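Chemist: Pasting the sequence and the predicted model now:
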Amino acid sequence: MTSRSVILFGVATFVYETVLIWVFTDPGNGWNATNMTIGTKADSEVLILTPNSMSTLSLHSTAPLINNISDLRGMTPVDFLNFLRESETTDECIFRAPIKNWILKKDLPGLLSLIDSQEPCASVALMNSSSWNTQGSTVGQEALFMIEGYRKGEYPPALNSGGYSEADKKELVEWCGSQIDAAK
């Protein structure tokens, strides 16, 4: 390779990288298009292009990816339910892995008060789920999922939220009531 070829290759690489950086980070592109952020998936080096930063719970993007407890930015479980309520119901909030002991006993009365809500909201899933719910959920179903998360010591407690039968709901409500009574 001649020195001229090396220089041309260097200039072409610089221009290509500059264009990529501008496309993915320019806040003033004038087209009101959502900027792209590059992230990685799990332990691999696979790049994922997403409309917004995954650590920001934004109502104007696809469903967020929760990497760890810090992504919830001090939200209580009821605050998170309010976030799900304000999200597009076809979105699904994706957790990379369950978060240990985020839901506390003191959160149970607030969650229990919401279990009969039929208000639509986004659903929750773990990233390794083979099926994601794009039909949405209800605040009541998500509150039950959080109560189950408290019982198991991690949230989300299963691959996907929702789908509680009346018998499952009754059993979970009775268990939750006993936990609240024991705390008094």
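Modeler: Okay, I see it. These numbers were taken from a predicted model, which means no experiment stands behind them.
Chemist: just checking, what packs against the helix or strand hosting Asn82?
Modeler: According to DSSP states H and E, Asn82 maps onto helix 77-86. Contact analysis of helix 77-86 by 3 or more Cβ pairs under 8 Å, 6 or more residues apart in numbering; DSSP states H and E lists helix 108-112, strand 120-121, helix 139-152 as its packing neighbours. Just so you know, the C-beta spots here come from the backbone N, C-alpha and C atoms, and that holds for glycine as well.
Chemist: Pull out the buried positions in it.
Modeler: Going by neighbour count (16 or more other Cβ atoms under 10 Å), the buried part of helix 77-86 is Pro77, Val78, Phe80, Leu81, Phe83, Leu84, Arg85.
Chemist: Please tell me I have it right and the second one contacts Leu112.
Modeler: To tie it back to what came earlier, the one meant is Val78. No: the pair Val78 and Leu112 fails to qualify as a contact (Cβ atoms under 8 Å) at a distance of 10.8 Å.
Chemist: Start and end of stretch 149-157, how far apart?
Modeler: End-to-end distance of stretch 149-157: 5 Å, with Cα to Cα, to the nearest Å as the criterion.
Chemist: Could you pull up the mean pLDDT of it?
Modeler: The pLDDT scores in stretch 149-157 average 96.
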